[in-house]
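Engineer: Structure here, sequence nowhere to be found:
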């Protein structure tokens, strides 16, 4: 399995600190992006909260979490970041990738723009593809009516008042 690295820039929003260049290992298994201590200290970041993380070997660690602006592939967004230790590698995690609208092609391991979908809730029935059935389970006010339209595709009705 090949590793994917990408060049990025990190900076602290609203502060006059210099942006820092970082070579990230793209890690879709990591939820948050990790910044080594030298990077986050250089940006003047401070932890907003503490979170517990499980390492690949099962060890649980606690780390401070902050946020900063990250630019990759010409896209920029604010994202949560783990304030790593002095020997931690810079990792680009799944939350940052999604916030930037990027995904990893599993065959070529290159970063590509994501197809961003936006669904709204209405009082009238609306037709959606089969993949959205699972997403609808997150909304208790949505009622699924299978077989209401051609090809037994689901129709969702908003039952919220």
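Structural biologist: That came through, no problem. What you see is a predicted model; the values in this text were computed from it and never measured.

Engineer: Only C-alpha atoms from now on, for both contacts and neighbour counts.
Structural biologist: OK.

Engineer: tell me the contacts of residue 28?
Structural biologist: Residue 28 makes contact with 92-94, 104, according to CA atoms under 8 Å, 6 or more residues apart in numbering.

Engineer: Adding distance to residue 41 and secondary structure as columns, could you present those residues in TSV?
Structural biologist: Converted to TSV, those look like this (distance: CA to CA, whole Å; DSSP: H, G, I helix; E, B strand; the rest coil):
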residue	distance to residue 41	secondary structure
92	18	strand
93	20	coil
94	23	helix
104	29	strand
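
Engineer: need the residues you listed in JSON lines with pLDDT and neighbour count, can you?
Structural biologist: Putting the contacts of residue 28 into JSON lines (pLDDT from 0 to 100; neighbours: other CA atoms under 10 Å) gives the following:
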{"residue": "92", "pLDDT": "96", "neighbour count": "27"}
{"residue": "93", "pLDDT": "95", "neighbour count": "23"}
{"residue": "94", "pLDDT": "94", "neighbour count": "20"}
{"residue": "104", "pLDDT": "92", "neighbour count": "18"}
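
Engineer: Doesn't residue 39 lie inside a helix?
Structural biologist: Yes: Residue 39 forms part of a helix when assessed by DSSP: H, G, I helix; E, B strand; the rest coil.

Engineer: ok, which stretches of this protein are helices?
Structural biologist: Shown for the chain, the helices assigned by DSSP state H span residues 37-43, 94-99, 132-136.

Engineer: how about stretch 82-89: buried residues?
Structural biologist: In terms of neighbour count (16 or more other CA atoms under 10 Å), stretch 82-89 has its buried residues at 82-84.

Engineer: just stretch 64-76 next, same as before
Structural biologist: Buried residues in stretch 64-76, counting neighbours by 16+ other CA under 10 Å, are found at 65-72, 76.

Engineer: Find the pair from these with maximum spatial separation.
Structural biologist: Comparing every pair within those by CA to CA identifies 65 and 72 as the most remote, at 20.2 Å.

Engineer: Can you tell me how far the closest residue to residue 98 other than its chain neighbours is from residue 99?
Structural biologist: Using CA to CA, 6 or more residues apart in numbering and skipping the chain neighbours, the partner closest in space to residue 98 is residue 114 (7.9 Å). Noted for residue 114: a distance of 10 Å to residue 99, by CA to CA, to the nearest Å.
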